[in-house]
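Peer 1: Generate a structure from the sequence data that follows.
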Amino acid sequence: MDIGLIDYFANSGKSFLHRSPAIHKIILVVFVLASVVVTNDLILLLSIYLVLTALVILTRLPFFKIISIAAYPAIFGVLFAAASWNGSWIRGGIIVLKALSAALAMVLLIVTTPYPSVFTAINPFLPRIVVEGLFLTYRSLFILLELMGNLIRALRVRGGLSPRGYIKNITNFSSGIGLLLVRGFDLSEKLYGVMKIRGYSGKMAEGEKKGFSQKDFIPVVIGILILVLSVVLWFENDFNRYHVFVLIVSVLFVVIAASYVYFNRDRGVSWKS
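Peer 2: Residues are numbered from 1 along each chain as shown. The predicted structure is shown next:
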């Protein structure tokens with residue numbers, strides 16, 4: 001996972017999501033996560049995922065790249081669904097869709113919002129030391145993911161990972177993890193040294209504040225609609241007969257978003273690169 005590519009997406013985009021304030025997109029993510037938690041309906045979860053997919057299309061970022069980044073948690077979702085299998089495919093689908101929807105909401109936030117803006121937005125609600133700890137954790141996580149990818153590629157190139165050599169693979173991978181841990185400590189020391197040289201004294205710089213327009217509230221409105229539907233379905237069982245219409249509306253949203261992006265070629269269309 002290339003953190004430089006994610007930063008480029010966040011800083012170079014021109015969509016309405018890129019222009020919206022970070023706090024509004026954070027509210028959207030919080031509402032989506034709350035909806036995913038309270039919803040156990042497969043159709044509604046699929047509808048939420050489709051709405052998020054439409055938002056990805058409207059960002060004009062590489063669609064399949066964003067979807068693939070957000071698909072990593074599905075691996076753990078599949079494992080959890082298999083471990084708690086009770087014979088119901090619907091329950092397994094719910095678990096996987098919960099993971100996919102939550103991950104896509106978070107990825108949508110980080111690819112449309114520069115990371116300093118994200119941490120500036122949550123700064124008033126959390127102690128400064130917590131915000132700065134989250135900031136450093138965010139950067140370190142992607143660095144470690146990149147190092148892990150390099151480690152796996154190096155092991156494959158040098159024959160350290162073979163299709164059926166399970167014992168050998170575990171031994172070599174364990175040794176690699178040990179080296180990765182040492183490398184992580186080394187990078188953390190270098191990062192702290194660089195920050196000290198550049199004037200870090202226990203306080204991060206804060207971002208600039210700007211005025212809001214009506215379009216800036218679109219993410220909040222979408223988040224409210226998703227949360228309201230999830231809560232209504234949770235409390236009102238009779239609403240189950242209408243959730244198919246919600247799925248139809250979400251599919252139409254995807255089609256309209258794709259059509260809008262496709263026919264506005266002068267503003268850029270990007271599906272793969």
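
Peer 1: distance of the closest residue to Val32 other than its chain neighbours from Thr53?
Peer 2: Distance criterion CB to CB, 6 or more residues apart in numbering; nearest residue to Val32, sequence neighbours excluded, is Ala105 at 4.2 Å. Quick note: C-beta positions are derived from backbone N, CA and C, even for glycine. If you measure Ala105 against Thr53 using CB to CB, to the nearest Å, the figure is 11 Å.

Peer 1: same deal with Ile110?
Peer 2: Distance, Ile110 to Thr53, by CB to CB: 16 Å.

Peer 1: Mind checking which of these two has more residues around it?
Peer 2: Ranked by neighbour count (other CB atoms under 10 Å), Ile110 and Thr53 place Thr53 first, with 23 against 20.

Peer 1: okay, the spatially closest residue to that one that is not a sequence neighbour: pLDDT?
Peer 2: In space, Thr53 comes closest to Val254 once its chain neighbours are excluded; the distance is 5.8 Å by CB to CB, 6+ apart. Val254 carries a pLDDT score of 89 in this model.

Peer 1: same check, this time on the one 4 residues further on
Peer 2: Ala258 carries a pLDDT value of 86.

Peer 1: Quick check: the gap between it and Ser84.
Peer 2: Counting by CB to CB, the gap from Ala258 to Ser84 is 35 Å.

Peer 1: Tell me which of the two has more neighbours.
Peer 2: Set side by side, Ala258 and Ser84 show more neighbours around Ala258, with 17 against 10, by other CB under 10 Å.

Peer 1: Helix or strand: which one has that one?
Peer 2: helix 243-263 (DSSP states H and E).

Peer 1: What lies in contact with that helix?
Peer 2: Around helix 243-263, the neighbours that count as contacts under CB atoms under 8 Å, 6 or more residues apart in numbering are 41, 43-44, 46-48, 50-51, 53-55, 57-58, 60, 229, 233, 269.

Peer 1: Please flag which of those residues sit within helices.
Peer 2: Among the contacts of helix 243-263, the members found in helices (DSSP state H) are 43-44, 46-48, 50-51, 53-55, 57-58, 229, 233.

Peer 1: before we move on, back to that, ok, and for the one helix or strand the residue nearest to Val32 maps to, which residues are buried?
Peer 2: Assigned by DSSP H and E, Ala105 belongs to helix 89-112. Buried residues in helix 89-112, counted by 16 or more other CB atoms under 10 Å: 92, 94-112.

Peer 1: Report all helices and strands that that helix contacts.
Peer 2: Judged by 3 or more CB pairs under 8 Å, 6 or more residues apart in numbering; DSSP states H and E, helix 89-112 is in contact with helix 3-12, helix 16-19, helix 22-38, helix 42-58, helix 63-70, helix 72-83.

Peer 1: which stretch among those helices comes nearest Glu146?
Peer 2: helix 3-12 (6.8 Å; CB to CB).

Peer 1: gap between the closest one and the chain center?
Peer 2: 13 Å (CA atoms, centre = their mean, to the nearest Å).

Peer 1: mind saving the C-alpha coords of it as CSV?
Peer 2: The C-alpha coordinates for helix 3-12 follow below in CSV (Å, rounded to 0.1, in the frame of the first residue of the first chain):
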residue,chain,number,x,y,z
ILE,A,3,1.1,6.0,1.3
GLY,A,4,2.5,8.5,-1.2
LEU,A,5,-0.3,7.5,-3.7
ILE,A,6,-2.9,7.9,-1.0
ASP,A,7,-1.6,11.4,-0.1
TYR,A,8,-1.6,12.2,-3.8
PHE,A,9,-5.2,11.2,-4.1
ALA,A,10,-6.2,13.3,-1.1
ASN,A,11,-4.3,16.4,-2.2
SER,A,12,-4.9,16.4,-6.0
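
Peer 1: Right, I'll leave it there.
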